[in-house]
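**Q** attaching a predicted model along with its sequence, questions to come.
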Amino acid sequence: MSSADGSHSLSLVNPFAIAAERDLLAELLVDKRNKSTRHEYAKDLKKFFMSVCSEEPTPALVVQFLQMDRYSAVTLVLRYKAVLIDQGLKEATVNRRLAAIKSLVNYAYKVGKCNWTLADIKSEKIKPYRDTTGISPEAFKKMLAMPDRETIKGKRDYALLRLLWANALRREEISHCNIEDLDLEARTLSILGKGRGTQKDNIDLHPKTCNALQDWLWDRKELDIKQPLFISLRPYYGHRLTGDGIRKMVVAHAKEAGISKIVSPHKIRHSSVTAALDVSGGDVRSVQKLSRHANLNTLMIYDDNRTKAQGRITALLEDLV
């Protein structure tokens, strides 16, 4: 049902029994290492409770939900899922909202505060990486020519673009780096990879990237190696350059280079991986070292898209009749 402000609410009456103990939601969020994950889970769980009972999640309300019987709880979550789908949300968004609820239930189950799970509630099917092509090396060369390397900002942006392309890095992997993570003599950079917890990985750098990083750091004149590798220059000099700051930089230089396609740091990552498969003749095992994809099947999607596998087979079938 819809409320007066147009938002969806499954029930005007709190459907949960009454009980209150520890703050299980806070415990769940503390257990998440990634700050962004904590933020998204908190936001998604707030939306769930606002939808099903028009209240923000309190410790008492969370416990009341977890103490429902399994049938009622599963029914409630399935109805919530139906509302999300009716709202026209993308499959990935629906799955993320459900994942937050499942994570809360699983945590409560693990600590003995819930005697059921939501394992029977299936996620929506998603076809990942529909477009993995990115932009061509020629287009990226145009982007590399945009930063004015006579200025400190130009040197910073040029070094960032070099890192994004040659190492297929994610924007948050770059944002989290400090100066001490860079070893110009060994030509390595320690990064906190996706899903790695607190363990950092060393990646090898090309001399062109090392030279660009050296130029940036030389102009910056920062002596404290604990400081971020990349910082904002305005309006507040010295703050760690965020992932969104890196995105804005990429978008600005792509626009300046006259590239009509929407370009983001992750699109550059797609571009790098696709170009690496091209120059290596489809050596997915070697390119996996560059992309650091945990699942080789993900790279096979890149390779299929790159070679237009379906189109080639279709052409062969056409020639048979």
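**A** In hand now; what should we look at?
**Q** hey, where'd the helices end up in this protein?
**A** Applying DSSP state H to the chain gives helices spanning 24-30, 35-53, 59-66, 70-86, 91-110, 137-144, 152-167, 171-175, 207-220, 243-256, 265-279, 284-291, 296-307, 309-319.
**Q** which of these has the lowest mean pLDDT?
**A** Note on these: helix 309-319 shows the lowest mean pLDDT, a mean of 70.
**Q** Thr133 contacts Arg306, doesn't it?
**A** Yes. Between Thr133 and Arg306 a contact is recorded at 7.5 Å, counting by CB atoms under 8 Å. Where you see a C-beta, it was placed from the backbone N, CA and C, and this is true even at glycine.
**Q** so which of the two has more stuff around it?
**A** Shown here are Thr133 and Arg306; by other CB atoms under 10 Å, Arg306 has more neighbours (17 against 13).
**Q** from what I can see that one touches Asp278, true?
**A** Yes. Taking CB under 8 Å as the definition, Arg306 is a contact partner of Asp278 at 6.6 Å.
**Q** buried ones in stretch 72-88?
**A** By 16 or more other CB atoms under 10 Å, the buried positions in stretch 72-88 come out as 73-74, 76-77, 80-81, 83-84.
**Q** identify the residue nearest Lys142 in space, chain neighbours excluded?
**A** Excluding the flanking residues, the one nearest Lys142 by CB to CB, 6 or more residues apart in numbering is Ala257, at 4.0 Å.
**Q** roughly how far apart are that neighbour and Thr132?
**A** Plainly put, Ala257 is 21 Å away from Thr132 if you go by CB to CB, to the nearest Å.
**Q** which one of these two is surrounded by more residues?
**A** For Ala257 versus Thr132, neighbours defined as other CB under 10 Å are more numerous around Thr132 (21 against 17).
**Q** dump the residue contacts of the more buried one.
**A** Neighbouring residues of Thr132 by CB atoms under 8 Å, 6 or more residues apart in numbering: 270, 273-274, 301-302, 305-306.
**Q** now with 6 Å?
**A** For Thr132, the contacting residues are 270, 302, 305, by CB atoms under 6 Å, 6 or more residues apart in numbering.
**Q** and which of the buried residues of stretch 72-88 is nearest to Val111?
**A** The closest of those to Val111 turns out to be Ala73 (CB to CB; 16.9 Å).
**Q** nearest residue to that closest one in space, ignoring adjacent ones along the chain?
**A** Of all residues not flanking Ala73 in the chain, Trp116 sits nearest, at 6.4 Å (CB to CB, 6+ apart).
**Q** surely that neighbour and Ser72 touch.
**A** No. Counting by CB atoms under 6 Å, Trp116 stays clear of Ser72, with 9.9 Å between them.
**Q** ok, now how distant is Leu223 from Asp215?
**A** Going from Leu223 to Asp215 by CB to CB gives 17 Å.
**Q** do the same with Lys153
**A** Taking CB to CB, one finds Lys153 at 12 Å from Asp215.
**Q** make a markdown table out of the contacts of Thr132 and add neighbour count and distance to Gly193.
**A** Formatted as a markdown table, the contacts of Thr132 follow (neighbours: other CB atoms under 10 Å; distance: CB to CB, whole Å):
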| residue | neighbour count | distance to Gly193 |
| --- | --- | --- |
| His270 | 20 | 17 |
| Tyr302 | 23 | 18 |
| Asn305 | 18 | 23 |
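**Q** I'd like those as CSV, with distance to Ser286 appended.
**A** CSV is the format used below for these (distance: CB to CB, whole Å):
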residue, distance to Ser286
His270, 18
Tyr302, 13
Asn305, 18
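**Q** of these, which is the nearest to Arg312?
**A** For these, the minimum distance to Arg312 (CB to CB) is 12.1 Å, reached by Asn305.
**Q** not counting sequence-adjacent ones, nearest residue to the closest one?
**A** Nearest non-adjacent residue to Asn305 (CB to CB, 6+ apart): Thr132, at 4.8 Å.
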